[in-house]
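> fold the following for me, if possible:
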Amino acid sequence: MTIFGPPSPTRCGSPRGETDMAILVDRDTRVLVQGITGKSGILQTKSLIDYGTAVVAGVTPGKAGTAVEGVPVFNSVADAVRDVSPNAAISFVPPLFAKDAAMEAMESGIKLLVLTMEGIPKHDVLDILSYASGRGVRVLGPGTAGVISPGKCKLGAHPARMFREGKVGVVSKSGALSYEVGKTLTDAGIGQSTVVALGGGPIWGTTQRDIVKLFNEDPETEIIVLLGEIGGGTEIAAAEFIAESVRKPVVSLIVGRAAPEGKSLGHAGAIIRGNKGTAASKMEALEKAGACLAASPAQVVELIRKLG
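Sure, this is the predicted structure:
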């Protein structure tokens, strides 16, 4: 197996790109925190503010008139939208109440919704995603670590010290893998345009294909890093899109290559069933699409340096 696959000036060739805004979040993102007065809400609100994210509102029913880290708390999303105009929301609402909170946010005009919690009932997730699709809302998660555009905005749990501003876009299912690869890139002096962790599944709002498409259209991203794992078929769908439409270099790392059938990596979506979802099948599809295959985070760095 060759690392670079067939010669291609569009993917494993020279990167292209101009300076522009990041994907999903940027300096103009105005954040609302649902469940802001809970333990996770309080801790994460402080983390977002410390990074420089514009957190303009929080929502906890019955807590209107209070504040968390100087952020005003409202009884409803509609009240917050009326008074301070947030355009993105991150939810720390417990799983059994997550659907109602998500619906409220979307009904109030929020266009980016980050669902951090795991364990939301599947039928509730399907209802959320169906409603989001009809209203043009982008949903990250459930179970997502969120998104960070270094130097611009952090909307999730990504440790700020592991990332720096640059031209490499990173998409991963796993939050932990996105942290590891982000830190490896940063330690090597390679910055990132945006880093997105989608969540563990088995049902997602935004997929790897969706984020690869956004990176392909983003003038601020010159190289795309796709991080995958065993189980499911989302990497295959992304590979098909890469083959058809992507004109930027793509580097991919698939973890779990030695996992046997039925093995889980800890995510609900990371389970092999027969030949479906194996690392080998995903690597083959990505190589055929023209992606450069890495065997480790360190090799991701090596390939990016060759491409740059």
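
> next, the distance between the ends of stretch 82-90.
Start and end residues of stretch 82-90 are separated by 18 Å (CA to CA, to the nearest Å).

> contacting residues around that stretch?
Stretch 82-90 is touched from outside by 25, 28-34, 44, 48, 56-57, 72, 74, 77, 80, 105, 110-114, 116, 146, 155-156, with contacts defined as CB atoms under 8 Å, 6 or more residues apart in numbering. Bear in mind the C-beta positions are built from the backbone N, C-alpha and C, glycine included.

> filter those residues down to the buried ones, ChimeraX style.
Per 16 or more other CB atoms under 10 Å, the buried members of the contacts of stretch 82-90 correspond to this ChimeraX selection:
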select :25,29,30,31,32,33,34,44,48,56,57,72,74,77,80,105,110,112,113,114,116,146,155,156
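
> cross-check the contact I'm expecting between residue 298 and residue 181.
No: using CB atoms under 8 Å, residue 298 is not in contact with residue 181, being 9.9 Å away.

> quick one: which of those two has more around it?
Each of residue 298 and residue 181 has its neighbours counted (other CB atoms under 10 Å); residue 181 has more, 27 against 12.

> quick check: the more buried one touching residue 168?
No: applying CB under 8 Å as the test, residue 181 and residue 168 come out as separate, 9.7 Å apart.

> list the residues that contact both of the two?
Here residue 181 and residue 168 have residue 225 as joint contacts, going by CB under 8 Å, 6+ apart.

> how about the strands in the stretch 1-150 of the chain?
Taking DSSP state E, counting those that start in this stretch, the strands of the stretch 1-150 of the chain run over residues 30-34, 54-59, 67-68, 71-74, 88-91, 112-115, 138-140, 146-149.

> list the neighbouring strands of the third one plus their orientation.
Think strand 67-68. Strand 67-68 has its sheet partners listed here by DSSP bridges as strand 71-74 (antiparallel).

> what residue is smack in the middle of the chain?
Nearest to the mean C-alpha position of the chain, by CA atoms, centre = their mean, lies residue 196 at 2.5 Å.

> sheet partners, orientation included, of the helix or strand harbouring that residue?
Taking DSSP states H and E as the criterion, residue 196 maps to strand 192-197. Strand pairing for strand 192-197, using DSSP bridges, gives strand 146-149 (antiparallel), strand 165-172 (parallel).

> quick one on the thing from earlier: same list (the strands of the stretch 1-150 of the chain) but as a markdown table, adding mean pLDDT and distance to residue 239.
Shown next, in a markdown table, are the strands of the stretch 1-150 of the chain (pLDDT from 0 to 100; distance: least, CB to CB, whole Å):
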| stretch | mean pLDDT | distance to residue 239 |
| --- | --- | --- |
| strand 30-34 | 98 | 33 |
| strand 54-59 | 98 | 36 |
| strand 67-68 | 98 | 43 |
| strand 71-74 | 98 | 41 |
| strand 88-91 | 98 | 29 |
| strand 112-115 | 98 | 26 |
| strand 138-140 | 98 | 21 |
| strand 146-149 | 98 | 22 |
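
> many thanks, we can stop here.
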